[in-house]
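Undergrad: Provided below for reference: sequence and predicted model.
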Amino acid sequence: MLDILRYGVILSFCFTFIILCSMVFKTYHFNKKKTYSLPQGNGLKGIIYALGRGLAPWEKESAVKHLPTYLAGIFYHIGIFAALYYLFSLVIPFHFGTLIAMIIRISIFTGILCGIGLFVKRSLKPHIRRISCPDDFASNLLVDGFLILALIDTYRGDLRAVLFAVAIILLLYIPVGKIRHCFFFFYSRILFGFFFGRRGVLPQKLGDSRSNHG
């Protein structure tokens, strides 16, 4: 049974990856406006900025004004990637040392705390709750459940079948839920960086970005 679930995780990952890639290719079916103006900057530099310094909180007004939430999101996603790394170490499989295991456990545990904190904030803040949809809560709970099971499995393996089953559900849910932002985030940042880099808007000078926040 465990082997069946292990192959199920692999197939679910492949299926989800193919679906997400097809979604990206479908975006090219939209009409693309022709650019008549000459380039004023470098698109590659814009992409490097968008995927690098542009992610720093002082470069984003929404982040610098809500720094705890921004940091919670960062550690939440670090925990998620750590749990996925651990999952694939079980599925492929491959082994890692004690130090890596400790880092994985700390990352997942921190991710769980941040995920629960973000869920509570979304539930208790009226203005956030009003703009939230069921998918926001379902995605959070599904990921949190996966993180909790992954953390438990690092200490004891008697729930591994449950971990694999939840992982399959999570992977299959990605294309139809908001969790797919983990894939489209990089794609959208590349498009954003290229467009504004070509326009000469990015990368911003350090003085310009800081002055925007007063």
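TA: Noted; the coordinates are in hand. Residues are numbered from 1 along each chain as shown.

Undergrad: report the central residue of this protein.
TA: The structure's the chain has its C-alpha centroid closest to C182; by C-alpha atoms, centre = their mean the separation is 3.4 Å.

Undergrad: got the confidence number for R160?
TA: On the pLDDT scale, R160 is placed at 93.

Undergrad: pull the contacting residues for it.
TA: L2, L90, D153 (C-beta atoms under 8 Å, 6 or more residues apart in numbering). Bear in mind the C-beta positions are built from the backbone N, C-alpha and C, glycine included.

Undergrad: tell me the confidence at the second one?
TA: This means L90. For L90, the model assigns a pLDDT of 94.

Undergrad: okay, now it: neighbour count?
TA: L90 sits with 18 neighbouring residues when counted by other C-beta atoms under 10 Å.

Undergrad: helix or strand: which one has it?
TA: For L90, the element it lies in under DSSP states H and E is helix 67-91.

Undergrad: elements contacting that helix?
TA: helix 2-26, helix 98-124, helix 134-155, helix 160-173 (3 or more C-beta pairs under 8 Å, 6 or more residues apart in numbering; DSSP states H and E).

Undergrad: one more pass at 6 Å, please.
TA: helix 98-124, helix 134-155 (3 or more C-beta pairs under 6 Å, 6 or more residues apart in numbering; DSSP states H and E).

Undergrad: for those helices, give me a markdown table that also has mean neighbour count.
TA: Shown next, in a markdown table, are those (neighbours: other C-beta atoms under 10 Å):
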| stretch | mean neighbour count |
| --- | --- |
| helix 98-124 | 16 |
| helix 134-155 | 18 |
